[in-house]
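> What shape does this take:
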Amino acid sequence: MLAVLAYRAAAAGAGVLPAPVADALATSLARLSFAVRVPARGALEANLRRVLPGLAPCERRACARGAFVSFALAFTRFLRRGRVDAPLPVVGREHLDAARASGRGVIVLSAHFGDWESGAAAIAAEGVPIHLAARPQPEGTLERMFAARRSGAGVDVLPVASAFASMAGILRRREWVALMADRGASRSGGASICAWAAVLAQRTDALVLPAVCVRDAHGVLTLHVESPLAPERCRDGAFRDTLRSWLARWPEQWAAFEPLPEGLA
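Here you go, the predicted model:
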C-alpha cells in the first residue's frame, strides 16, 4: 500500500510541477529512501556484490545511491511523458537499422539501466511495432496509468504471466518484443529470460538485439544498441558479458532491485 501511495503522489506532482522542480524533489526522495535502507537497497547492493565483487564497499554504496537517483529521474520522466519527449541519439545506429531492414522479428534484450521506458519509446518512435513484457502493477489505477503512458508512446504491453505464450506469434509477424533480462519471469525468480529469448529466437528466426538506454554525464539520454546475439550464444550466457560491459560503464544506473536470476551473476 505504501508503494501505491508513493506512485500516486509522484504522478500528481509530476503532472503539475515544472520539470526541474519535479526532478529535484525526486532526487531528494530517492536519497532519503536509500538512507532509510528500504528493502530494494539491500537487494541492489547484493547484486552489485555478486556481479562486481571487486568494488570496495564505499564504491558499492555510491553506485547503489546513484541507481536510486537514476530510477527516480526515469520515473518522473515517464510520468510526464508527452510533454518532454524528443528523439534520442542512438549509439550503434547501424545495428538498429540492420535489424529493421532484416524483415525479421526482433527480441530486444535489455536490463533495468537508466531509463528503459524511454528506450522502448525511442524504438517505437522509429516506426517499429514493439511489445514490452511487463509485470502488472499492484493496483488497478496504477496499472491503467502505466498502460496509458506506454500506449501513448507507441509501446504495447504484454503481461508477463501470458507474454511467453503470445511472443512466438508476435515475432512471426515480424514485430518486436522487449524483455528485461536482469529479472526472472516472476518475483520469486522464475525461468531465465535469456533462455526464453534463445528458444524464441530459434523457433521464430528472430534476432536477439541487446539494447540499453542510459544518461550521459550531462544528463542526456542515449539509446545504445549492440550487435545481435546468436541464439546459442544467448543461451550459453553471452548476455551476461553484455550486462557486465554495461556495468563497467554505468554501474550507478542499474536499478536491480530484485535478486538476479541464475546465470547472470
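> so is residue 107 in a helix, a strand, or just coil?
Look at residue 107: counting by DSSP: H, G, I helix; E, B strand; the rest coil, its state is strand.
> right, and it touches residue 170 too?
No - taking contacts as Cβ atoms under 8 Å, residue 107 lies outside contact range of residue 170: 9.9 Å. The C-beta positions use only the backbone N, C-alpha and C, and glycine is treated the same way.
> So these two - more neighbours on which side?
residue 107 (30 against 22; other Cβ atoms under 10 Å).
> List the residues that contact that one.
Shown in contact with residue 107 (Cβ atoms under 8 Å, 6 or more residues apart in numbering): 171, 176, 177, 178, 179, 197, 200, 201, 206, 207, 208, 209.
> helix or strand right after the longest helix along the chain?
Using DSSP state H, we find that the single longest helix of the chain is helix 57-79. Downstream of helix 57-79, the first helix or strand assigned by DSSP states H and E is strand 90-91.
> Can you list the strands that that following strand pairs with?
For strand 90-91, the pairing partners within the sheet under DSSP bridges are strand 221-225 (parallel).
> For the partner strand, what does the pLDDT average out to?
The average pLDDT within strand 221-225 is 96.
> what's the angle from that strand to helix 57-79?
Per axes from the mean of the first three to the mean of the last three Cα atoms, to 10 degrees, the angle that strand 221-225 makes with helix 57-79 is 100 degrees.
> Can I get strand 221-225 as PDB, trimmed to CA atoms?
The C-alpha coordinates for strand 221-225 follow below in PDB (Å, rounded to 0.1, in the frame of the first residue of the first chain):
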ATOM      1  CA  LEU A 221      19.500  10.100 -22.600                       C
ATOM      2  CA  THR A 222      21.100   7.900 -25.300                       C
ATOM      3  CA  LEU A 223      20.000   4.600 -26.700                       C
ATOM      4  CA  HIS A 224      22.900   2.100 -27.000                       C
ATOM      5  CA  VAL A 225      22.300  -0.800 -29.400                       C
END
